[in-house]
Structures are given as structure tokens and as C-alpha cells.
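**Student:** This is a predicted model, with the sequence first.
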Amino acid sequence: MNEIRPSRPNNLDAFWMPYSDNKYFKGTPRLLARAEGMHYWTADGQEILDGTAGLWCCNAGHGRREITEAIQKQAAVMDFAPTFQLGHPIAFEAASRVAEMTPEGLDHVFFVNSGSEAADTALKIALAWQKARGQAQRVRLVGRERGYHGVGFGGMSVGGIGPNRKQFGAQLPYVDHLPHTHLPAQNRFCRGLPEHGAHLADALENLVALHGDTIAAVIVEPVAGSTGVLVPPKGYLEQLRKLCTKHGILLIFDEVITGFGRIGANFGAERLGVTPDIMTMAKGLTNAAVPMGAVATSAEVHDTIVNGTPAGIELFHGYTYSGHPLASAAAIATLELHRAEDLPGRARAMEPYFEDAAHAMRDVPGVIDVRNIGLVAGIELEPRKGAPTARALDVFRWCFDHGVLTRVTGDIVALSPPLIVEKPHVDRLFGTLADAIRAVP
Ligand code: PLP
């Protein structure tokens, strides 16, 4: 075990922190200094139970020796090599490993460095595919209200969380949104997939009626995570799949959160029984030890673009770090851990216990909804009058100060622990959360 080394930066000014209340944080810094297994330790040495797998990404738990050693070994052999018109073996091996894990038919893998890049890459591939098959008029992209696809211009535009777009006037043109699938009146406190809401996919018919054959792709998260855990209604994704196929529209699943075991299967597509044409992933791909994302596509999408170009570069897209050797090494080691420890199976086995613990929150005053699937739960709080989001933020801070890391969005607390979580951890996560909600009404 590494020695705990309290480390405090002398100056917090220079780092402009992402998605943060910088002024608040810098007045009351909460600094994480070390991580192992299910826990973080603060710079002061306080143990924090990780209820969020970092940021939905350390699915195999923290500080996994196998991943660390793979990165160290690769760094010593070759730090970097380009993948533009060149290659290195480990990137090809990583892609093959990913393709082995993705649902059948999604066998071509394009590497990126984040979920945001994965979303923008998937959208660009969809546009390129439509053009390559002679449908250049298909330039319209459809997302969904309350969707999150990262922060690039493409992902931001198809995303459907208001504040993420409001601050930046310019968006991609030719973007529409399907309605979100949150129907609390019918589905409140639902376990797993809600009964009501499959019909919401039919809104795509309205967009087709409006725009004709100009829609290139629809992008959705199989389970919307960042908006506060919205599980798809029964039959919804099936209907979306059917309509996309019927109208020549590509279906993209953003599996940045749902990938790599989070909902009790390798991918959401597998658990939910619907296969998209393109799938994005990131986070759990390398257990977050090195940034990496990927886009997996069907042979139809890949071959139409690649084989349809007689010679020369087929896709004018890519990143300096696509297939970075250290990230590739981390991905291979991570996927090996997933297989060896059957992390998706482990998540599935823990799901009933986790679900019961989540739904026991129903009895805590102020909890107005609980939603869950796999090892993800969203606990929605009644907002404080005149101060939306303030209550959940106070709950987050209370939990942290009492040794538990949660994540909040709006007035929803999301829990998504590493998939190695054990029953006593589950008890502590929900127990602390219940105490917090009672303590900060
Ligand atoms: N897509 C989804 C579904 C996400 O949840 C996220 C991040 O939470 C992203 C994309 C963006 O990923 P990143 O922050 O790595 O760019």
C-alpha cells in the first residue's frame, strides 16, 4: 500500500476547475489525495467511501495493480507513437479487445480520448456514412431532452440539459430533440425499467414528418445518467430502433456511463436487448487510469465509408492521441480485469441488494422518487422552496464530510459505486445518504 502523503497545493488560483463552483471550492477545498479499492483519502487523511466510482468511471475500483503495471510497462517501452498513417501493435490489440466485448456486429473501433470526443466522433461518422451512401441531404441530428453527450459543440447541441447550452449562444444548426422519458406521475419509485413511456419514441415519426429524409442520426443514452438516472421505459428503445431502421436513420447509443458493467452487462445494449448502429464509450474503458474513449460501429457503417473511398484517407477525423499507447495498455489490462473478475456479473448479482437499499430511501422525508438499474440509483429530493438544487448540494457536502462521496445533479443524488462494492459498503452509502437528507432538510 502507498504511504498516505498529505499534499496541499500552496495556491488554488491557477486551476480553473471544470463544472465547479470555483469560488466556493477555493474557500472550502475538499482535496482527494489517494485512492484504493472502494475508497479515497483526503489530503488530511480522511477516508471517503466512493459512491460514484470517481465520476462513473473507476468501475473496477481504485488503484488496480494490474492496470498500473500495464501503464508503467508500456511507458518504459514506448511513450507515444502516432496513429495517423502509422500504427503500433498495442492500439490494434486494444481495439480487438473492445470489439470482442461490444455487441455482435459492432466490430470496428475508433479511438478518442473522452466521452465528449466519442460523441462528436459518432455524430461525424453518422454524417459521413449518410454522405457515402448517397444521402448527403441527411444533415440533421436528433438528441433527446435531458440527454448528456459531453461538451464538444456536437455533443452539447444534441444534449438536452438546459444549463449546459444556455451559456453558449451558438449551437450546431439542424438539431432536434426527442422528449425525455421521465414520467413521474406514472413511474415514480419504479424498480428497473418503468412500465410507461414507450410511446415517447414515436416523437421521431413527427420529426420525420416535419423534416423528411434529412435526418442522419438519433443519439440517446440507453440509461440517461448525468441528468439524474432516467431508465428507459419498457419497449422504448425497441421502438426507437424500429423507427430508425424504417427511416434510414442511424441509431447511436452513448454508452459512456452504461458501458463496462455499470448496468449489469458489458453494455447497456446487451442488458436492454437493443443494438444500435454506433456506440460511444469512455470512462470505464481504462478504469479512468488514462483518458480514453472509443466509438464502435457496424460493418455497414465502417465499410461504406472505408471501402467506398477508392484511395487515400477515408475519414478526415482523428486525434493526436487516438489509440495512445498508455491508454491502450490501460484498456487491455482493464478489459482483462473485467473478464477475469466478471465485473458485469458481479454488478448484476449485487443489483437486488443495491435496489432494495435504494428503495428503502422512499421512507426518508423529502425523497420524492427513486430510480435504479444495475449499480446506478437516482434519489430525487423535494427541492427547497425558491432554491432549487441547494438541498442536494448540501446533502453532497454533508455526505463528503461524513466520509461518503455522492454525485448530485439538480436535486437528484446519484449513486454508482465501483462494481467491486460489497454489501457493507452499500449499507454505508445509503445509510449516510439517509442521515444527510434528514440532517439538511
Ligand atoms: N456522454 C455521456 C453519456 C456522459 O455521461 C459523459 C460524461 O459524463 C460524456 C458523454 C462526456 O464524457 P467526458 O466528460 O469524458 O468528455
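**Tutor:** Sure, I can see it. Everything quoted here is computed from the prediction, not taken from an experiment.

**Student:** Spell out, range by range, the strands that occur in the stretch 201-350 of the chain.
**Tutor:** Secondary structure of the stretch 201-350 of the chain (DSSP state E, counting those that start in this stretch): strands located at 215-220, 250-254, 278-281, 293-298.

**Student:** repeat for the stretch 1-150 of the chain
**Tutor:** So, for the stretch 1-150 of the chain - with DSSP E, counting those that start in this stretch - the strands run 32-36, 39-42, 47-50, 106-112, 140-144.

**Student:** Quick one, which of the ones you listed gets closest to the ligand.
**Tutor:** Among the strands of the stretch 1-150 of the chain, strand 106-112 comes nearest to the ligand, with 9.1 Å by CB to the nearest ligand atom. From N, CA and C alone the C-beta is placed, and that goes for glycine too.

**Student:** Can you tell me the strand partners of the closest one and which way each runs?
**Tutor:** strand 293-298 (antiparallel) (DSSP bridges).

**Student:** which residues touch the partner strand?
**Tutor:** Contacts with strand 293-298, where a contact means CB atoms under 8 Å, 6 or more residues apart in numbering, come from 95, 98-99, 102, 105-115, 117-118, 121-122, 125, 256, 277-283, 285.

**Student:** For PyMOL, what selects the buried ones among these?
**Tutor:** Per 16 or more other CB atoms under 10 Å, the buried members of the contacts of strand 293-298 correspond to this PyMOL selection:
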select buried, resi 95+98+102+106+107+108+109+110+111+112+113+114+115+117+118+121+122+125+256+277+278+279+280+281+282+283+285
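
**Student:** among the contacts of strand 293-298, which are within reach of the ligand?
**Tutor:** Filtering the contacts of strand 293-298 for proximity to the ligand (criterion: CB under 6 Å from any ligand atom) leaves 114-115, 256, 282.

**Student:** Give the full set of residues in contact with the residue of the chain found nearest the ligand.
**Tutor:** Residue nearest to the ligand within the chain: Gly115 (2.2 Å; CB to the nearest ligand atom). By CB under 8 Å, 6+ apart, the contact set of Gly115 is 149-150, 155, 254, 256, 280-283, 293.

**Student:** got the phi/psi numbers for the nearest residue to Pro82 once chain neighbours are set aside?
**Tutor:** Distances taken as CB to CB, 6 or more residues apart in numbering place Thr320 nearest to Pro82, at 7.3 Å, with adjacent residues excluded. Phi and psi for Thr320, reported as degrees, to the nearest 10, are phi -50, psi -40.

**Student:** State the pLDDT value of Pro9.
**Tutor:** Listed pLDDT for Pro9 reads 78.

**Student:** Report the contact partners of it.
**Tutor:** Contacts of Pro9 by CB under 8 Å, 6+ apart are Leu31.

**Student:** What spatial separation is found between it and Ala126?
**Tutor:** 42 Å (CB to CB, to the nearest Å).

**Student:** do Ala201 as well
**Tutor:** For Ala201, the distance to Ala126 - CB to CB - is 18 Å.

**Student:** Could you double-check that Arg262 lies in contact with Arg271?
**Tutor:** No - counting by CB atoms under 8 Å, Arg262 stays clear of Arg271, with 9.3 Å between them.

**Student:** Determine the residues that are contacts of both of those two.
**Tutor:** In contact with both Arg262 and Arg271: Gly374, using CB under 8 Å, 6+ apart.

**Student:** ok, the two, which is more surrounded?
**Tutor:** Neighbours per residue (other CB atoms under 10 Å) separate Arg262 from Arg271, with Arg262 holding more: 31 against 22.

**Student:** Leaving aside the residues adjacent along the chain, what's closest to the more buried one?
**Tutor:** Gly374 (5.6 Å).

**Student:** Neighbours of that neighbour, how many?
**Tutor:** So Gly374, with other CB under 10 Å, has 25 neighbours.

**Student:** Equivalent analysis for the one 3 residues further on, please.
**Tutor:** Using other CB under 10 Å, Ala377 is surrounded by 26 other residues.

**Student:** close enough to count as contact, it and Leu415?
**Tutor:** Yes - look at Ala377 against Leu415 with CB under 8 Å: they come within range, at 4.9 Å.
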